[in-house]
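Trainee: 3D, please:
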Amino acid sequence: MNIFGRRRAFQLVAGAVAYALTAPKILRGDDSAHTLKLYTWADYFDPDLIAAFEQAESCKVEIETFSSNEELFANLDAGQFKYDLLTPSSYMATLLQRMKKLQPLDLKRIPNAKHLEQDYLTTCDDERMEYSVPFEFSVSGIGFFPDRYTPKTSAWSSLQSPKVAHRYTVLDDMREVIGAALKSLGKSVNSRDSVELEAAKKVAAEWVKGSRRFDSDTYRFNLIAGEDLIAHGYSGDFIADKVRNKNLGFFIPEEGAPMACDDFCIPADCSNAELGHKFIDYFCNPKVAAENMKWSGFRAPVSGARDLLPAQLRSSEILFPSKDHLARCEVLRDLGDALKQWEEIWIALING
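Mentor: Residues are numbered from 1 along each chain as shown. Just a heads-up that it's a prediction; the model follows:
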């Protein structure tokens, strides 16, 4: 069973080589009619599933990756690159739709969408799946190894303990860091209130000051190696380590945490919407969703998929947080006009 993290750039080269050796060489040259250009997070799709899709559809899937929703937006907004399918987080999908950068989906061409969990859909901005279909979601929190160090509190304040000073990293993600700071103050992760945001900025600044750096790619490896005592990260990124090392601890802070789902979306200017719809339908199949969950470590809100997972993953509190934990979490939403203030705070945090 292969299980990888969401933004694990450390193994991108090796993964690319392995994929090149195993994927079927169906097409030669640039045949846009039979090529799906997918823009997504690194190591988000099991190469074996991609190969099976290529085989079934006699096509080629070209994957390019982004490291943040903001990077995705900047590249789409620049108009220099065109893609057939995207996997932005839901709040970014909402922004893209508002800016008319997405085309409506034809659910008749995605029959497996019937497997999407209805309880989850009720939490979505696009509940009717007019422009986006949920793919995988995660919750952020704190990872640690109890035999080395155990936080005294299961709260965001664990990042401010003198014992972990410069022995942790914070995610290189504006919405996650500022959102977590807001949660630590009992505020919404989607706050547009200037006073609340300034208060969150002060909290986040303390976290950044005490950290070694921003890191959304290699933080798990630093934790495993003992370089760090705790890690601020995405729940799915800790799944592989929990499977291989039962000593790994992870908690969703008691105040709650940001929760994000990445969605399938088809750009307004895509060249191959037909193949894009087929790809979405393929990954809404419970069997395929289960296999990809094993690979990525992130939960697919597809009914029946959980029952197809190995027992160790079915019972994982990281992959399937309790209802009590999830009740304290909050889905990241489109910030609207408040985005500018968030960006100004983020720039200030980055520049110290």
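Trainee: OK, contacts around Ala169?
Mentor: No Ala there; residue 169 is Thr. 211-215, 219, 222, 228, 231-232 (CB atoms under 8 Å, 6 or more residues apart in numbering). Using the backbone N, CA and C atoms, a C-beta is placed for each residue, glycine as well.
Trainee: Can you lay out the residues you listed as TSV showing distance to Leu38, secondary structure and neighbour count?
Mentor: As requested, those are exported to TSV (distance: CB to CB, whole Å; DSSP: H, G, I helix; E, B strand; the rest coil; neighbours: other CB atoms under 10 Å):
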residue	distance to Leu38	secondary structure	neighbour count
Ser211	33	coil	21
Arg212	33	coil	15
Arg213	30	coil	13
Phe214	26	strand	17
Asp215	25	coil	21
Tyr219	25	helix	29
Asn222	29	helix	18
Asp228	32	coil	26
Ala231	28	strand	25
His232	28	strand	28
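Trainee: Tell me the spacing between the closest residue in space to Ser296 that isn't next to it in sequence and Val177.
Mentor: Distances taken as CB to CB, 6 or more residues apart in numbering place Tyr44 nearest to Ser296, at 5.6 Å, with adjacent residues excluded. Note on Tyr44: its distance to Val177, by CB to CB, to the nearest Å, is 22 Å.
Trainee: same check, this time on Ala327
Mentor: Counting by CB to CB, the separation of Ala327 from Val177 is 22 Å.
Trainee: before we move on, what about Leu38?
Mentor: 28 Å.
Trainee: ok, these two, which is more surrounded?
Mentor: Taking other CB atoms under 10 Å, Leu38 and Val177 do not tie; Val177 has more neighbours (25 against 22).
Trainee: list the buried ones in stretch 46-53?
Mentor: Neighbour-count burial for stretch 46-53, counted by 16 or more other CB atoms under 10 Å, picks out 46-47, 49-53.
Trainee: Leu102 reaches Asp269, doesn't it?
Mentor: No. Under the criterion of CB atoms under 8 Å, Leu102 makes no contact with Asp269, lying 9.9 Å away.
Trainee: Show me which of these two is the more surrounded one.
Mentor: In this view Leu102 and Asp269 are compared by other CB under 10 Å, and Leu102 has more residues nearby, 26 against 13.
Trainee: Provide a list of residues in contact with that one.
Mentor: Contacts for Leu102 (CB under 8 Å, 6+ apart) come out as 93, 96, 131-132, 265-268.
Trainee: care to break this structure down by domain?
Mentor: 9-137+261-314, 138-259+321-351 (automatic domain parsing).
Trainee: where along the stretch 251-352 of the chain do the strands fall?
Mentor: Here the stretch 251-352 of the chain has its strands, by DSSP state E, counting those that start in this stretch, at 258-264, 330-331.
Trainee: Which among those is found nearest to Lys278?
Mentor: Of all those, strand 258-264 sits nearest to Lys278, with 11.4 Å by CB to CB.
Trainee: Among the contacts of Leu102, which one lies nearest to Glu117?
Mentor: Checking those against Glu117 by CB to CB gives Ser132 as the nearest, at 15.0 Å.
Trainee: hang on, that closest one packs against Phe264?
Mentor: Yes. Ser132 is in contact with Phe264 according to CB under 8 Å; the separation is 6.5 Å.
Trainee: which sections of the stretch 151-300 of the chain are below the confidence cut-off?
Mentor: For the stretch 151-300 of the chain, applying pLDDT under 70 flags the ranges 240-246.
Trainee: Buried residues, stretch 250-268. List them.
Mentor: In stretch 250-268, counting by 16+ other CB under 10 Å, buried: 250-253, 255-268.
Trainee: hmm, back to that, any chance of the strands of the stretch 251-352 of the chain in TSV, with distance to Tyr120 too?
Mentor: Listed next are the strands of the stretch 251-352 of the chain as TSV, based on distance: least, CB to CB, whole Å:
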stretch	distance to Tyr120
strand 258-264	8
strand 330-331	10
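Trainee: Which of those strands sits closest to Phe66?
Mentor: strand 258-264 (11.1 Å).
Trainee: how distant is that closest one from the center of its chain?
Mentor: Relative to its chain's centre, strand 258-264 lies at 6 Å (CA atoms, centre = their mean, to the nearest Å).
Trainee: Now it - C-alpha only, PDB.
Mentor: Below are the C-alpha coordinates for strand 258-264, written out as PDB (Å, rounded to 0.1, in the frame of the first residue of the first chain):
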ATOM      1  CA  PRO A 258      -9.600  25.300   9.300                       C
ATOM      2  CA  MET A 259     -11.100  22.600   7.200                       C
ATOM      3  CA  ALA A 260     -10.600  22.600   3.400                       C
ATOM      4  CA  CYS A 261     -11.900  20.400   0.600                       C
ATOM      5  CA  ASP A 262     -10.300  20.400  -2.800                       C
ATOM      6  CA  ASP A 263     -12.800  20.200  -5.700                       C
ATOM      7  CA  PHE A 264     -12.800  19.200  -9.300                       C
END
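Trainee: I am finished for the moment; much appreciated.
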